[in-house]
Each structure stands twice: as structure tokens, then as C-alpha cells.
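**Q** return a 3D structure for these sequence lines:
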Amino acid sequence: MESEEPSLETTVPTDEPVSSCDEVHAERNGDGLSGRRLLERKQLQHDLQLCRYELSRRDLVIDNMKAENITKVDELEERLNDALHQKRILQTQLDTRLTLQQEEANSRQERVHQELETILDKQRKLEDTNRDLRLRAGVVRRSLRDLEITSEQYSDLRILPEEELSIRDFVALQFYEALQPLQKECDELHERKGNLAADLSAVRSQLQVVTEAPLLRQSVDLLQRDKTYLERQATELESKNTLYNQRITQLENQLQEAARAREDAYEKYTETRHSQKVEYEARLNEELERIRRQTELQLERLRVTVTEVHERENRNLREARDRALAEQERARESEMETKKTHENLREENCKVQLSAETRVSELQAQLQMRSFEAERAQLLHEEVQKALEQSCLECQRSQEKLEVLTKEFYGVEAAREREGLELKTRLAELQHRLDPYEQLEKELDETVMQAAEVEDGTEAERIIFSSSDVPTTTRRRFKQSVKLARRVLQLQRLTSDLHSQLEKNHSELDTVNKELNTVNGLLASARQPHAFLIERARERENENLALRKRLTDTEEHLGRCQNEKAALQRSKDDMAADLERLLNQHEEVAIMKRMVLGMRDGIDGLHSQMKTDGGNLKFVPEPHDKRRPLPTRFVRQFPFSSLLVLGYTSLQLCVGRTGWIMG
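**A** Coordinates of the predicted model:
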């Protein structure tokens, strides 16, 4: 309370006497003692009220604790039931998963065994086929080592037919024929290369002079532009220099004038400062006098307000005392009621504690049973965990194997990608070189078809002989022969159909003649009385003839179907045999194709110098122009009659011998 009393001290000192202030302080001390007692009493009442509030709060806390205990017990029961239900579910899930895992492991193991057996069988078969193919490739490779032949041997081999030639002789023959024009072409290309090199050096010197001339012109133009630009900048700088000199003189004059003005301003400043100092001291004295008067007025106002405040506080304290007494009586009544309710709640709390203890004991017993069951489940879980760890170890081993296999796979894939890129580049080069050949082969197809359409054999041979120098491949010749053979077979089928139709017409003519004879006989006997019987006999004869005709037609149709079936079966057997033979020879054909292509690529556009050491043929390759296509020639001139005779049988016979150099 002493801290809350208003202070009458002021910061501004005064010269007035303070006797009236001392009297006021004495009166206030007397009133302060009575006010302090009232405040202590009010503080006690306030503490009592706080105690009551604390009691009511604790009663509410007890009620809340009871309710919480009841809810916790219910929650524990529900959780226990949920745990039991969850345990049963987990037990069933564990059993089902164990059975499923065991079944999956058994089935997986069986599948792995089956796959291993199939893989081992396939591996054995592949090893056997690989061994056979290696032996066959070795035989072919040994037979193709020495391909050198002389002109006499070439003439002897050229006379022999292709069916009697061996693979080595055929490849040597083709190699000799491909090498002779290439040798001549290489010599011509070397001469052209020397001429072109001389022309290239002359053109380069001219090109250098031509390219340097515009550069020098540009440099001269740039220097002239720089000169004009620098002259323009020099004139601008001179004009700027004169302007700056004029500004410097103006600034010096302004600086002198500013110094004079500064001295005048300083003198004026000293005079004004002295006058302002005198005025400030006078104003300060007036302001101090005004502040002293205001403080005296404020002190008077404070004395009046303090007395009013004391009276107002006394009035408020009396009213507060009356309210506190009434509240004390109400608090006593509420205290008695709370004591009664407290005793009742204490009894209920004891009962609840007893029931809770019994319930807790029952729950503990159930919990022990559940703990035993949980230990059993824990043991099962440990066994499952061990099995899981073992499976994890197996999984890690398999993972390591998988990593090793993935590394190998990545390595193989990288090698495959490199090979793919190399093959793509090689394919692009070969495609570029193959385009002119395709154009030539199209022209050859047109000439062959034109020769096939000509009826005169000599004219067809003349057309084929005129186009014999067109470069082509054996595959294209096989395709052309197959097309012609198909056309021949179609024409044969048409002729056979026409022959059968002609025979049918002859048979019909015979039947018509027979019918005519019978009709004439019937007409001759129609004048007799038994004409009706003759008419009936004629109708029956017509029906018999129609039935015989239908029977002959069906028999002919059945015979044609049987012939077609036999022909199709023979063609099917032939195609199956050819396909099997081609599949067996696929690896050897691929090896031969690679060898022949390597030889052709090494020969194409190169200047090959032949060096014979110990009877072996050696080539010294030189740089060449790969943009020129590789020219080839017909090995033999096929007349039109032989082209017609060739067909599907020629393809079957030639695949085994001449198929080595296809492509």
C-alpha cells in the first residue's frame, strides 16, 4: 500500500514554506494505519476464498481421476481383447505364410531343377553342334588357304561346269576373275592420282592467293577506317580541350568570388550570434518564471485531488467489507456441503479402488497367461527369424551371383553395342556401295524379263549376250532363274489344264455322237406302235448318261486333286530338306561370306602387289577410295534355254556349291 500511495515530491525546487504540507502528511499517516488493517482483513478473506476454490478444484480433480480410472480400465479391457484377437490373427497368418513359403520353396526348387536339366541338355546339344561346325569350318578353312592359280589353271577350271567344281576351285576362279580387272584399274588409278596430286597442288596455290587477296583488301579498308576515326577523335579532343580551359578560367574566377563571400558571411555570422545569445538569455529567464508559476498551480490541484481520493477509497472499503461478510457466510455453507460430498466421494473412491484391485489381479492373471503365450510365440518367431536369416543369406548369395552376372551382362552388352556400332558403320558403307549395284541389277532384271518375253531363241540369246557385262551376283541370278522357273511351271499347269479340257471335249463329242446314233434309231422305230415304251427307254438312257457324265467328272476331279496333293507333298518334302540343309550350312556360309567379304574389302580400290614366297599368295594393301563401287562380272553366260531349264531344282543344286559367295 505504501508503494501505491501518490508521491507529492516535485523535481522543481520552490522557495515557499512547507508547514501546510507537514500537517497533511500527519493526517495521512493516521488514515494509513486504519486502511492497512482493512487491507489485511481483505487479504485474509481473499486467502479463504482461494482455499475454497482450491477445495472445489481438488474435488473436480478427484471426480476426473475416477472417470479416468474407469475409462482406463475399459480401455485396458478393450486393448486386451484386441491383443488376443490380433494374436489369433497373427498366429493364423504365420501358419499360412509358413505353409505357403514351404510350398513356394518346394515348387521353386523343382522349377530350378527342371530348368537346370533343360539348360544342361541344350548345352550338350550346342556343344555337339559347335564341335561339328568347328570341324567343318576347319576343313573349309584349310581348303581355302592357298587360292593362287595360274592362267593355265584358270583356263582349265573355266572350261569345267560349275557343278563339278569344288569350293576351293570356285573361290579361286572368282578371286582370279575379280583380281585381274582390279589390278588394271589400280594402275590407272595410280596414274590418275599422280595427275590429280599435281593439279591439286596448283589449285591449292591459286586458292591460297585468291583467299589472301580479299583478306588483304579488308585489312586495308580497316586501316583506312581506323585512320579516319582517329582523325575525327583528335579534332573532337582538341575542341574539348579548349572548352575545358575556358571552364577552368571561369571556375578560378568563381573561386575568388566565393572566398570574398565567405569572409563577408563570417563577419555577418559573428554579429548575428552575439545578438541571438542576448535574446536567448532573456527568453530563458521568462520561461523559468512561467514554469515556476505552473508548478505552484499543479501542487494546489494535487492537494485537492488527494483528499477526494482518500474519501473515495474509504467508501469503497466499507462496501467491500459488507460484501466480504456475505461471501464468508456463503462460503461456510458451501464448505459444509463440499465436506459432505467429499466424504461420499471418498467412500465411493474406496469401493472403486477395491473393485479396481480385484480387476487388476484378474488382469494380471490373464496377463501372465498371455505372457506365456507370447513367449511361445516368441520362440516360434525366433525359429522363423532363423529361417528368415538363412533365406536372407541365400538371398545375399544369389544377389552376389546376380551382381556378377549383371557385370558380365553389362560387359557383353557394351561389347555388343560396340559391335553394333561397327556393324552399323560397315552397313552404311556397304549400302552406299550397293546402291549402284541395285540399279544395275534392276536393269538386268528388265533385260532378262524382256528376253523371256521374246519368242525367238536366237534373239533372246543376243539380248542376254549384250547384257552379260552388267555386274550382278549369284543371288540375283538365282532369283531371276526362280522367277522364270515359276513362270514355266505356271505355263505347264495351264497347258495341262488345256489338255485335260481338250480330252473332256473329245469325250463329250463321243457321247454326243452316241446319243445322235441312238436318237436316229429311235426316230426310225418311232413309227411302230410301241413308241411309248421307246420314249420311256430314251428318258432312262438320258438319265444314265447324265449320271455317267457326273461320275467321270468326279473321278477326273479326284484324280487332279490327288495329283496336286502328291505334287504339293513332294514340294513340301523338297523344301523341308532344302531348309534343313541350309540351316545346317548356315554357319559355314556365314564364315565363307565373312572371308570373301574380307578379301573383297581388302582388294577394293587397293593397289595389290603380289609377292609369292613358298607358293603362297601375299597382298600389300595401300590406301584407296572407298566411294567407288566394286564392279563384278558374270562368271558364265547363261543362254535363254538354260535360264528356262533352271528353276527351283537349280536353286537346290546351287546352294550347296555356289551359295558360298552369295552377297
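**Q** what mean pLDDT would you report for the helix or strand containing Leu434?
**A** Using DSSP states H and E, Leu434 maps to helix 167-453. Here helix 167-453 scores 80 as its mean pLDDT.
**Q** that one: how far from the chain's middle?
**A** Offset of helix 167-453 from its chain centre (CA atoms, centre = their mean, to the nearest Å): 26 Å.
**Q** and that helix, what does it pack against?
**A** Judged by 3 or more CB pairs under 8 Å, 6 or more residues apart in numbering; DSSP states H and E, helix 167-453 is in contact with helix 19-143, helix 151-159, helix 457-466, helix 474-525, helix 586-603, helix 640-645. For the C-beta atoms, the positions are set from N, CA and C on the backbone; glycine is no exception.
**Q** ranking the ones you listed by mean pLDDT, which is last?
**A** What stands lowest among the helices and strands packed on helix 167-453, in mean pLDDT terms, is helix 640-645, with a mean of 38.
**Q** the residue lying closest to Glu313 once chain neighbours are set aside: how many residues sit nearby?
**A** In space, and not counting its chain neighbours, Glu313 is closest to Gly35: 7.2 Å by CB to CB, 6 or more residues apart in numbering. Using other CB atoms under 10 Å, Gly35 has 17 other residues around it.
**Q** how much space between Gly35 and His46?
**A** Per CB to CB, to the nearest Å, Gly35 is found 16 Å from His46.
**Q** same check, this time on Gln364
**A** From Gln364 across to His46, the span is 49 Å (CB to CB).
**Q** do you know how far the residue nearest to Glu313 is from Asn316?
**A** Taking CB to CB, one finds Gly35 at 11 Å from Asn316.
**Q** cool, Arg323 as well?
**A** According to CB to CB, Arg323 stands 11 Å off from Asn316.
**Q** could you do Val488 as well?
**A** Here Val488 is placed at a distance of 138 Å from Asn316 (CB to CB).
**Q** with Glu115 instead?
**A** 103 Å.
**Q** check Gln353 too.
**A** Distance of Gln353 to Asn316, given as CB to CB: 50 Å.
**Q** who has more neighbours out of these two?
**A** Shown here are Gln353 and Asn316; by other CB under 10 Å, Gln353 has more neighbours (13 against 10).
**Q** so Ile149: helix, strand or coil?
**A** Using DSSP: H, G, I helix; E, B strand; the rest coil as the criterion, the local structure at Ile149 reads coil.
**Q** which non-adjacent residue is nearest it?
**A** With CB to CB, 6+ apart as the criterion, Ile149 has its nearest non-adjacent residue at 4.9 Å, and that residue is Ala172.
**Q** hang on, isn't that neighbour packed against Asp156?
**A** No. The pair Ala172 / Asp156 is not scored as a contact, 11.5 Å apart, by CB atoms under 8 Å.
**Q** okay, the two: which has more neighbours?
**A** Each of Ala172 and Asp156 has its neighbours counted (other CB under 10 Å); Ala172 has more, 21 against 12.
**Q** burial of Leu317, as a residue count?
**A** Look at Leu317: counted by other CB under 10 Å, it has 15 neighbours.
**Q** distance-wise, check it relative to Arg36.
**A** Remark: distance between Leu317 and Arg36 (CB to CB) = 11 Å.
**Q** ok, now Gln183?
**A** Separation of Gln183 from Arg36 (CB to CB): 139 Å.
**Q** got it, and Asp226?
**A** According to CB to CB, Asp226 stands 105 Å off from Arg36.
**Q** could you do Asp573 as well?
**A** Distance, Asp573 to Arg36, using CB to CB: 135 Å.
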